[in-house]
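In: I would like the atomic coordinates for the input below:
(2 chains)
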Amino acid sequence: MISHAQAGHSGEQVDLSVVAPLYNESQNVAPLVEWILEALAPYPGTFEVILVDDGSRDDTWEQVAAASARDPRIRGLALGRNVGQTAAMMAGFDHAGGRAVVSLDGDLQNDPRDIPALLEKLDEGYDLVCGWRQRRQDKFLLRKVPSWVANRIIRRLTGVPITDNGCSLKAYRRDLLDRISLYAEQHRFIPALSASVGARITEMPVRHHARRFGESKYGISRTVKVLVDLLTLKMITTFRSRPLVGFGTLAVPMVLGALLFAVMTGVAVAEFRPSKAEALVFPGSALVCAAAAFYLLMLGLVAEVALHAERESANEIPTAWEVR
Amino acid sequence: MGQGALMEPSLEPSRVGTGGEARLVSVVVPVVERAEDLVELHRSFAAELDARGEEYEFVFVFDGGFAPPAELLALSQGRDNLRLLRFARSFGETAALRLGIERTRGDVILTLPAYFQVTPEGVSTLLNALTEDTDLVVANRWPRIDGWLNRVQSVAFNRMIAGVTDRPFHDIACGVRVMRRGVAEGLPLYGDLHRFIPALALREGYRVTEVAVPQHPRNARTRLYGPGVYARRLLDLAAFFFLAKFTEKPLRFFGLVGSGFFAAGAITSLVLLVNRLQGQGIANRPLLLLAVLLLALGVQLLGLGLVGEIIVHLRAPHRRAYRVRERT
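Out: Below is the predicted model of the structure:
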């Protein structure tokens, strides 16, 4: 896939952009817009609301276009097809011109009245403020338990002390969004990815409401996928700067195996009269292990080549942060 | 779609008038196999476009090994709307299409194979189907007049692809397609992906339709290829399958296969360990070699997936999984 990224963000400069991805949320659009505008009425700066229609099959886009026609601060983006929450959020971020960006779910479960508090927290000097849903209004067994387990594992593996990774209500500084590129289903790992580029992260309690209209688009089947994605993320963020080290680590057990079988071959030869089979099985195993270790090291070199080629290409993402 | 919506020029398909307005139709003909009487092909399709009052240009792209016939060369002399391009060596159909798209200016691109696949009137049906709500129209040769052997091959190929695409197609590999310039330029055309153009366009978020078009009588000849050709088709299919499902998360694929091997190796090792504890020697068991081999293979596949993930991650800042259709 797919289209190349535009250089930078294509929005106009405003103080705040609110981004909400929508998928088949036709009934929720009007109340969401009304709610956001109400919550932001006291907001002193300029703002825009970016509603991203992620290839809905109902008339979500017509609702968005209507809301946008009523108020120029409401901007709509219709995506070519359903690409999932991560890519839809990225679309919103790419088109957001705000110095601060707030993301929230399009299903009214997040409360826009929390936005001012998130922004205040952001101004205390953070790059990312994550919402932490209090008294979560979701099904216990299907949503809350898997979520609790997943969050514990994420926290443990990534070392980023965020309680509720799954909450969409978050506030970002523009600087941070320019440094992270989300793809696949990484919206759950925004805190971990942000931490890996050196962002300052905090969390604060936010309200959570039960779904009023429409259906939840999640099932329990995603839990396994989340775990696989998490392991992937862990490996990538650990090894992305020095892949050869990572692959070298992976090769260590293979080297140990090769040594073990080599010793066993030696013992077999020294102590017993080596039969044909013994002569084959132990040294054979040693060779397989050695070959696997060698192969992994070569793979590490391939990764280094890919990394080098990428570094050579012109537009590198900035790594240093502006001092505040 | 909404009227008066602001279009983003870089992301939107080219604006195309649906009648009245002048537009240019670029006809791209990759000459890579089964080249028939190209002069007659040009004449009959040009006549159809003339009858419709379209403005058009023809570009023939000759793959290495195909020389433009003298008559066509003579015809192209002194005419802007018939151009002949030729590859220095064989690059294949996808590359030929790509070159044809790059070297034309039309708002609408019509691709035609170098032989009669559909009747010239069929092209009119396709052009009519390219309405404001459509970005690409592919011909579905129907009714078919060729023998059962051709149809069985076609149905089998399309069935297999249907398992991977977002929507089933009936004649996905048909070389007769009409698309807007923006679509043609946005497609990842490399390798042998031309067979999957409608599915690729769908994946990019374009609106694709399939239109029944009568098959040309000359397309009825029974075709049977050597086993190598079918093997390559299967590999193309596998490549497309991988592209469609795992380009963003290669480790999900390699991880699945790799952990399968690893688990098999682990179970085999466990069996051997139990045997050893029961006092049996394992040094003369070839099963030990198999166990080690499976474990090593599992780790290697995981490693491959990891390399894929690193490449995807490194490319992430330059790629986007979405395409904006409309903005307000």
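In: low pLDDT regions in the chain?
Out: In the absence of a named chain, this looks at chain A. A:1-11, A:217-221, A:272-279, A:313-319, A:324 (pLDDT under 70).
In: nope, chain B
Out: Short version for chain B, where the test is pLDDT under 70: B:1-21.
In: Break down it into its strands, ranges please.
Out: For chain B, the strands defined by DSSP state E cover B:24-31, B:55-62, B:82-86, B:108-111, B:136-141, B:177-180, B:208-213, B:324-327.
In: How about chain A?
Out: A:14-22, A:47-53, A:74-79, A:98-103, A:128-133, A:170-173, A:201-206.
In: Neighbouring strands of the longest one in the sheet, and parallel or not?
Out: Put plainly, it is strand A:14-22. The pairing partners recorded for strand A:14-22 under DSSP bridges are strand A:47-53 (parallel), strand A:98-103 (parallel).
In: mind checking which of the strands of chain B is nearest B:Gly260?
Out: Within these, the stretch nearest B:Gly260 is strand B:208-213; the backing value is 35.4 Å (C-beta to C-beta). Yep, even glycine has a C-beta here, placed from its N, CA and C like the rest.
In: what's that closest one packed up against?
Out: helix B:120-129, strand B:136-141, helix B:197-203 (3 or more C-beta pairs under 8 Å, 6 or more residues apart in numbering or on different chains; DSSP states H and E).
In: closest one to chain A among those?
Out: The closest of the helices and strands packed on strand B:208-213 to chain A is helix B:197-203. By C-beta to the nearest C-beta, the value is 6.2 Å.
In: For the closest one, output the C-alpha coordinates as CSV.
Out: Extracted in CSV, the C-alpha atoms of helix B:197-203 (Å, rounded to 0.1, in the frame of the first residue of the first chain):
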residue,chain,number,x,y,z
ILE,B,197,-4.8,-3.9,-11.0
PRO,B,198,-8.5,-3.8,-10.1
ALA,B,199,-7.8,-5.4,-6.7
LEU,B,200,-4.8,-3.0,-6.1
ALA,B,201,-7.0,0.0,-6.9
LEU,B,202,-9.6,-1.3,-4.4
ARG,B,203,-6.9,-1.6,-1.8
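In: domains for chain A, by residue range?
Out: For chain A, the structural domains run A:14-239, A:243-312, going by automatic domain parsing.
In: Compile these into CSV and extend it with columns for mean neighbour count.
Out: Converted to CSV, the domains of chain A look like this (neighbours: other C-beta atoms under 10 Å in any protein chain shown):
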stretch, mean neighbour count
domain A:14-239, 19
domain A:243-312, 17
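In: got JSON lines for those, with distance to B:Leu24 too?
Out: Shown next, in JSON lines, are those (distance: least, C-beta to C-beta, whole Å):
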{"stretch": "domain A:14-239", "distance to B:Leu24": "25"}
{"stretch": "domain A:243-312", "distance to B:Leu24": "39"}
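In: Tell me how far A:Glu25 lies from B:Glu57.
Out: 46 Å (C-beta to C-beta, to the nearest Å).
In: one step back: may I see the strands paired with strand A:14-22 organised as CSV, with distance to A:Asn82 added?
Out: Compiled in CSV, the strands paired with strand A:14-22 are given as follows (distance: least, C-beta to C-beta, whole Å):
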stretch, distance to A:Asn82
strand A:47-53, 10
strand A:98-103, 18
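In: B:Ala51 is nearest to which of these?
Out: Among the strands paired with strand A:14-22, if distance is taken as C-beta to C-beta, the winner is strand A:47-53, at 41.1 Å.
In: In the stretch 101-250 of chain A, which residue sits nearest chain B?
Out: Closest point on the stretch 101-250 of chain A to chain B, by C-beta to the nearest C-beta, is A:Ser181, at 3.9 Å.
In: what about the nearest residue to that residue once chain neighbours are set aside, distance to A:Leu297?
Out: Leaving aside its sequence neighbours, A:Ser181 sits nearest to B:Ala316 (C-beta to C-beta, 6 or more residues apart in numbering or on different chains; 3.9 Å). Separation of B:Ala316 from A:Leu297 (C-beta to C-beta) stands at 26 Å.
In: Is there any residue in the lengthiest helix in chain B that contacts chain A?
Out: If you go by DSSP state H, chain B has its longest helix at helix B:286-315. Yes. Helix B:286-315 lies within reach of chain A by C-beta under 8 Å from any C-beta of the partner chain, at B:286, B:288-289, B:292-293, B:296-297, B:299-300, B:302-304, B:306-307, B:309-315.
In: In space, not sequence, find me the middle residue of chain B.
Out: What sits nearest the mean C-alpha location of chain B, by C-alpha atoms, centre = their mean, is B:Phe196, with 2.5 Å.
In: My guess is it contacts B:Phe240. True?
Out: Yes. When contacts are counted by C-beta atoms under 8 Å, B:Phe196 is listed as touching B:Phe240 (5.1 Å).
In: Next, show the common contact partners of those two.
Out: Common neighbours of B:Phe196 and B:Phe240, counting by C-beta atoms under 8 Å, 6 or more residues apart in numbering or on different chains, are B:Ile161.
In: Map the structural domains onto the sequence of chain B.
Out: B:24-245, B:248-318.
In: So which of those domains is nearest A:Pro44?
Out: Nearest of those (C-beta to C-beta): domain B:248-318, 33.2 Å.
In: okay, now the residue of chain B found nearest chain A: neighbour count?
Out: Minimum separation of chain B from chain A (C-beta to the nearest C-beta) falls at B:Gly205, amounting to 1.8 Å. Residue neighbour count, defined by other C-beta atoms under 10 Å in any protein chain shown, stands at 24 for B:Gly205.
In: And for B:Thr268?
Out: 18.
In: Against A:Leu169, how distant is the residue of the stretch 101-250 of chain A closest to chain B?
Out: On the measure of C-beta to C-beta, A:Ser181 and A:Leu169 end up 21 Å apart.
In: related to what we said a few turns ago, CSV for the strands of chain A, including distance to A:Ala306?
Out: Output for the strands of chain A, formatted as CSV (distance: least, C-beta to C-beta, whole Å):
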stretch, distance to A:Ala306
strand A:14-22, 31
strand A:47-53, 31
strand A:74-79, 29
strand A:98-103, 31
strand A:128-133, 28
strand A:170-173, 28
strand A:201-206, 29
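In: Looking at the ones you listed, spot the one closest to B:Asn81.
Out: The nearest among the strands of chain A, by C-beta to C-beta, is strand A:74-79 at 36.5 Å.
In: And chain B, is the closest one touching that?
Out: Yes. Strand A:74-79 comes into contact with chain B (C-beta under 8 Å from any C-beta), by way of A:74-79.
In: which helices and strands does that strand pack with?
Out: Under the contact rule (3+ C-beta pairs under 8 Å, 6+ apart), strand A:74-79 is packed against strand A:47-53, helix A:60-70, helix A:85-95, strand B:324-327.
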